[in-house]
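For reference, the sequence and a predicted model appear below.
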Amino acid sequence: MPTAARFSMADQSGIQSSRVGVSATGGDEAARAKAQQLAQNIPVPLVDEGEDVSGYDFLLVVDSDGVSLRDLSTPDVRPVRVDFAGGATGYRRLSGGGRRQLIGRALGLQGGGLHIVDATAGLGRDAFLMACLGCQVTMIERNPVIGAILQDGLMRGAVDDDATLREIVSRMSLVVGDAREKLKDILESDQPEVVYVDPMHPPRQKSAAVKKELRICRGIVGDDADAFELLAAARRVALKRVVVKRAKLAEPISPDVSTTYMGRSIRYDVYMANLNT
């Protein structure tokens with residue numbers, strides 16, 4: 001096998017490097033074509049099915065069910081796939097507490113839905129919950145590998161048999177790129193009332209205790225060392241407020257928090273917008 005090309009996240013998104021490939025499985029021609037397109041767009045090497053993958057850290061897998069991300073260091077763990085219909089995300093939709101739940105209060109939801117920019121979209125779970133609450137959500141994800149599985153989840157959600165799910169997903173859109181730059185484009189087109197930020201931060205728990213999805217995402221994107229810069233950019237764009245999700249005991253990104261909404265393990269710090277900074 002040729003040496004795996006090192007996909008430099010620093011080149012793409014200012015984050016750490018990982019060796020990532022993309023492969024189609026199951027002999028599906030449509031999956032093969034999609035894998036080839038992903039390999040060109042991200043870009044990462046295309047790996048033939050059955051090829052030695054020992055030179056890679058992660059593998060984007062395309063099959064008839066969509067796109068998933070496999071951590072090759074944990075072959076016994078199922079790949080991560082964005083599924084808005086089921087799993088933890090679907091459960092949150094069916095069991096949520098409406099606008100009075102903690103995130104709804106932090107966002108300032110009252111009457112009609114807001115336009116919210118989720119500047120650190122990740123797997124789209126919080127953005128999906130905001131869309132469930134009637135908001136129009138523009139997601140920004142700067143890592144193109146995570147962006148690929150998130151876009152796949154949106155595409156599958158848009159054609160799901162559940163009409164309610166299709167309606168929710170129709171309120172979600174994805175932009176791949178550095179939020180500090182992409183927020184400027186949004187400012188010129190459709191200014192949001194709220195910008196939501198959930199920066200990746202070093203885990204307080206031992207790695208074995210960290211959730212599978214979070215561990216894999218951290219392996220791909222690293223920690224967000226530029227959270228203060230992102231907060232400043234968000235405050236210049238938001239019409240009303242910036243909401244930052246933090247671990248309950250974590251230090252605030254900036255000390256001038258206006259209001260805090262405290263949960264059992266996480267909290268939401270609210271910063272007022274400052275369009276003149």
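Structure's in. What do you need?

What's the per-residue pLDDT of the residue positioned nearest the centre of the chain here?
Nearest residue to the geometric centre of the chain (C-alpha atoms, centre = their mean): Gly122, 1.4 Å. Gly122 is assigned a pLDDT of 92 by the prediction.

Which parts of the stretch 101-250 of the chain are helices?
Along the stretch 101-250 of the chain, the stretches classed as helices by DSSP state H, counting those that start in this stretch are 102-107, 125-132, 144-158, 163-169, 179-189, 212-221, 227-237.

just those: most buried one?
Across those, averaging neighbours per residue (mean count of other C-beta atoms under 10 Å) puts helix 125-132 on top, at a mean of 24. Every C-beta, even on glycine, is put in place using the N, C-alpha and C of the backbone.

okay, that helix in PDB with CA atoms only?
Taking C-alpha atoms only, helix 125-132 is exported to PDB below (Å, rounded to 0.1, in the frame of the first residue of the first chain):
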ATOM      1  CA  ARG A 125     -27.000  17.600  18.100                       C
ATOM      2  CA  ASP A 126     -27.500  21.000  19.800                       C
ATOM      3  CA  ALA A 127     -28.400  22.600  16.500                       C
ATOM      4  CA  PHE A 128     -31.000  19.900  15.900                       C
ATOM      5  CA  LEU A 129     -32.500  20.600  19.300                       C
ATOM      6  CA  MET A 130     -32.600  24.300  18.500                       C
ATOM      7  CA  ALA A 131     -34.400  23.500  15.200                       C
ATOM      8  CA  CYS A 132     -36.800  21.300  17.200                       C
END
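
returning to that earlier point: out of the helices of the stretch 101-250 of the chain, which comes closest to Arg264?
Nearest of those to Arg264, taken as C-beta to C-beta: helix 102-107 at 9.6 Å.

So which elements touch that closest one?
helix 125-132, strand 241-247, strand 259-262, strand 266-272 (3 or more C-beta pairs under 8 Å, 6 or more residues apart in numbering; DSSP states H and E).

As TSV, those with mean pLDDT and distance to Val61 would be great.
Output for these, formatted as TSV (pLDDT from 0 to 100; distance: least, C-beta to C-beta, whole Å):
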stretch	mean pLDDT	distance to Val61
helix 125-132	94	21
strand 241-247	96	29
strand 259-262	97	38
strand 266-272	97	31
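
wait, which of the ones you listed is closest to Asn143?
Taking the helices and strands packed on helix 102-107 one by one with C-beta to C-beta, helix 125-132 is closest: 15.1 Å.
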